[in-house]
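K.L.:
Just to be clear, the model below is a prediction. Sequence and coordinates:
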Amino acid sequence: MQVSLISTTPFLDQKPGTSGLRKKVKVFQQAHYLENFVQSIFDSLEIPAGAVLTLGGDGRYYNAQAIQTIIKMAAANGFSKVLVGRGGILSTPAASHVIRKYQTLGGIILSASHNPGGPDDDFGIKYNTPNGGPAPEKITEAIFSISKAIQQYQLVDLPAINLNQLGLTQLDSFSVEVIDPVRDYADLMESMFDFAAIRALFASSFSIKFDGMHAVTGPYAQEIFTQRLGAPATSLMNCQVSETFGGGHPDPNLTYAEELVKIVYGSNAPDFAAASDGDGDRNMILGKGFFVTPSDSLAIIAANAHLIPAYKSGLAGVARSMPTSGAVDRVAQKMNIDCYETPTGWKFFGNLMDADKVTLCGEESFGTGSNHVREKDGLWAVLCWLNIVAARKQSVEAIVKAHWAEYGRNVYSRHDYEGIPTEQANAVMAHLKAQFDTLPSRVFGRYTVATCDDFSYTDPVDGSVSHGQGIRVLFQCGSRIVFRLSGTGTDGATIRIYLEAYEPDVKQHHLDAQVALAEMIQLALTLSQLVENTGRNAPTVIT
Ligand code: VG1
Ligand code: CO
């Protein structure tokens, strides 16, 4: 195999964000742009003889071309084999599983997750380490610094691989194996959950609706829900994978999964409904006319984990991202296990899981997962809920309300202001920081500020420190407001405001979160001067 060295010049914007490098497709299509980043990943690694790379993406526009390029570069950079999902497709949790199961030297995942796909929309790429998890900051920083100095990349001129044909293609000492993207993952799920109980539930009058949002989980849902668990085909919607996600925004929340939400709040609603995102790592859980807040979902899965075969011997500990509500902390306290608070992004959970400090983790952004892989996992979360419903023989709403009655309710909401000019968003954050010294002890209606800061995290396993992870305003009553700038968007800046208040009184638990949090929502706008700084008077998305 003849390795060609191609001269290039650096792009200075290849800094990975919360979850890899995300840019418009048009940016990735510039000559050398993808190659520079991939070479920077490879240059950050020691690639031993015999190394195997896992490769796959969420199937969005530009996935297939990028896969062919990365195969040629992997061959040139000394990998002996690439494992690639059929059609170049692997959900993010399935990719994590493949990396772990076949002990590959990590993997490259092509995804912009919940961001829209298509020629004018988004593409993304990230490297996952051999534990199956997103590269930690010290590696993403190394990749970024290599990308700023890169002079050349390497590739081998191979014929295009037929990605639709399962099996091995040998090219000299290098090979590509196209694997079934679904089977290994479905087997893993079957080994963890009580499929017999869920099958019996589906055979009763219990009905479900799963919305694949035209994204990567469609084939996985077909295999798991209809083939293995016997749900009728009508239980699935939007499960045909499309490069543009059917022109939609594959983000499973009350705004973007509106088709499913209408069904759930309509007449003849199913008993259970769920959706997942572009790359299959997020989930939304709904009952009949009822929405489960992701932070509550994590807490409820933790509290009921003993009902799930994989966790019946207990949990080592739990972790949540800082902006995620403290509902799971209350469960951990009662179970007498540790609860860790990390910055936003799954890359911070990996060390805790590798060190056996935690079994379950989650984020308020519709991400829940466990140590079965090192990514959040949408279908896994759906199966957790189905297993719990089957074991408790109660509705989703009854399970959530019983949980609140026992632990109190952490009333929670997130308001996103998307597509704000960067200077305006920075002004909002700067205005907040400027008040750090004067806010403590100030009284705003029923809220008195206790402390405020910009969250920092010290990894308890390797001691690495991450600063600037979100502004927290903590009130004396335990309520709090968090302000963060998104690290996954590609259009200007997105300000996220996270609001949380603890309500122990069962008589108040029926209240809509927006009503219960109304005074705090107003206070968040007053403190941040968001309307004055941005001219926006309503959030783009409320979850
Ligand atoms: C968002 C979420 C974060 C999540 C990340 C990746 O990041 O808030 O919790 O880990 O997306 O999820 P940000 O920086 O935009 O707030 V995924 O499903 O897009 O890979
Ligand atoms: Co995702």
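P.N.:
Arrived safely. Ligands and ions are numbered 1, 2, ... in the order given.
K.L.:
which residues does the residue of the chain found nearest ligand 2 contact?
P.N.:
Residue of the chain nearest ligand 2, by C-beta to the ion: S113 (3.1 Å). C-betas here are computed from N, CA, C, even on glycine. Contacts for S113 were tallied using C-beta atoms under 8 Å, 6 or more residues apart in numbering; they are S19, R22, D58, T92, G124, D277, G278, D279, D281, R282, T488.
K.L.:
now swap in F11 and tell me
P.N.:
With C-beta under 8 Å, 6+ apart, F11 has these contacts: Q30, H32, Y33, N36, S147.
K.L.:
In helices only, show me these.
P.N.:
Secondary structure assignment by DSSP state H places Y33, N36, S147 of the contacts of F11 in helices.
K.L.:
Kindly present those as a markdown table, with separate columns for distance to ligand 1, neighbour count and pLDDT.
P.N.:
Output for those, formatted as a markdown table (distance: C-beta to the nearest ligand atom, whole Å; neighbours: other C-beta atoms under 10 Å; pLDDT from 0 to 100):
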| residue | distance to ligand 1 | neighbour count | pLDDT |
| --- | --- | --- | --- |
| Y33 | 21 | 18 | 98 |
| N36 | 22 | 23 | 98 |
| S147 | 20 | 23 | 98 |
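K.L.:
Out of the residues you listed, flag the one nearest to E519.
P.N.:
Distance to E519 across the ones in helices among the contacts of F11 (C-beta to C-beta) is lowest for S147, with 46.1 Å.
K.L.:
Residue numbers of the stretch 101-250 of the chain in contact with ligand 2?
P.N.:
With the criterion set to C-beta under 5 Å from the ion, the stretch 101-250 of the chain comes near ligand 2 through S113.
K.L.:
Next: the chain.
P.N.:
Contact residues (C-beta under 5 Å from the ion) of the chain with ligand 2: S113, D277, D279, D281, R282.
K.L.:
And the contacts of whichever strand or helix holds I399?
P.N.:
I399 belongs to helix 396-407 when assigned by DSSP states H and E. For helix 396-407, the external contacting residues (C-beta under 8 Å, 6+ apart) are 271-272, 285-290, 292, 296, 299-300, 303-304, 327, 330-331, 334, 385, 388-389, 392, 394, 506, 509.
K.L.:
if you go through the stretch 301-450 of the chain in chain order, where are the helices?
P.N.:
Assigned by DSSP state H, counting those that start in this stretch, the stretch 301-450 of the chain shows helices spanning 327-335, 350-354, 378-392, 396-407, 422-433.
K.L.:
got the residues of the chain next to ligand 2 as JSON lines, with pLDDT and secondary structure columns?
P.N.:
Formatted as JSON lines, the residues of the chain next to ligand 2 follow (pLDDT from 0 to 100; DSSP: H, G, I helix; E, B strand; the rest coil):
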{"residue": "S113", "pLDDT": "95", "secondary structure": "coil"}
{"residue": "D277", "pLDDT": "96", "secondary structure": "coil"}
{"residue": "D279", "pLDDT": "96", "secondary structure": "coil"}
{"residue": "D281", "pLDDT": "97", "secondary structure": "coil"}
{"residue": "R282", "pLDDT": "97", "secondary structure": "strand"}
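K.L.:
what's the farthest-apart pair in these?
P.N.:
D279 and R282 (8.2 Å).
K.L.:
The two: which is more packed in?
P.N.:
The residue with more neighbours, out of D279 and R282, is D279; 34 against 29, by other C-beta atoms under 10 Å.
K.L.:
Which residues of the protein lie near ligand 1?
P.N.:
Residues of the chain found near ligand 1 (C-beta under 6 Å from any ligand atom) are 18-19, 113-114, 277, 281-282, 321, 344-346, 363, 365, 367, 486-488, 496.
K.L.:
Please repeat the previous calculation with a cut-off of 8 Å.
P.N.:
Contacts of the chain with ligand 1, taken as C-beta under 8 Å from any ligand atom, map to 17-20, 92, 111-115, 277-279, 281-282, 321, 323, 344-346, 363-367, 376, 484-489, 494, 496.
K.L.:
Buried among the residues you listed? Need that as a selection in ChimeraX.
P.N.:
Buried residues among these (16 or more other C-beta atoms under 10 Å), as a ChimeraX selection:
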select :17,18,19,20,92,111,112,113,114,115,277,278,279,281,282,321,323,344,345,346,363,364,365,366,367,376,484,485,486,487,488,489,494,496
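K.L.:
Pull the residues that contact stretch 220-232.
P.N.:
Contact partners of stretch 220-232, identified using C-beta under 8 Å, 6+ apart, comprise 91, 94, 181-183, 185-186, 189-190, 195, 198-199, 202-203, 208, 210, 212, 233, 235-236, 239, 280, 379, 383.
K.L.:
State the mean pLDDT of it.
P.N.:
Here stretch 220-232 scores 97 as its mean pLDDT.
K.L.:
which parts of it are buried?
P.N.:
Within stretch 220-232, the residues that count as buried by 16+ other C-beta under 10 Å are Y220, A221, Q222, E223, I224, F225, T226, R228, L229, A231.
K.L.:
tell me the secondary structure for the last one?
P.N.:
Okay, so that is A231. A231 falls in the coil class when you classify it by DSSP: H, G, I helix; E, B strand; the rest coil.
K.L.:
Likewise for the fourth one?
P.N.:
Reduced to three states with three-state DSSP, the structure at E223 is helix.
K.L.:
OK, contacts around the nearest residue to A513 once chain neighbours are set aside?
P.N.:
Distances taken as C-beta to C-beta, 6 or more residues apart in numbering place S413 nearest to A513, at 4.7 Å, with adjacent residues excluded. S413 makes contact with Y498, L499, A513, Q514, L517, I521, I542, T543, according to C-beta under 8 Å, 6+ apart.
K.L.:
Could you check how many residues crowd around the third one?
P.N.:
Residue neighbour count, defined by other C-beta under 10 Å, stands at 20 for A513.
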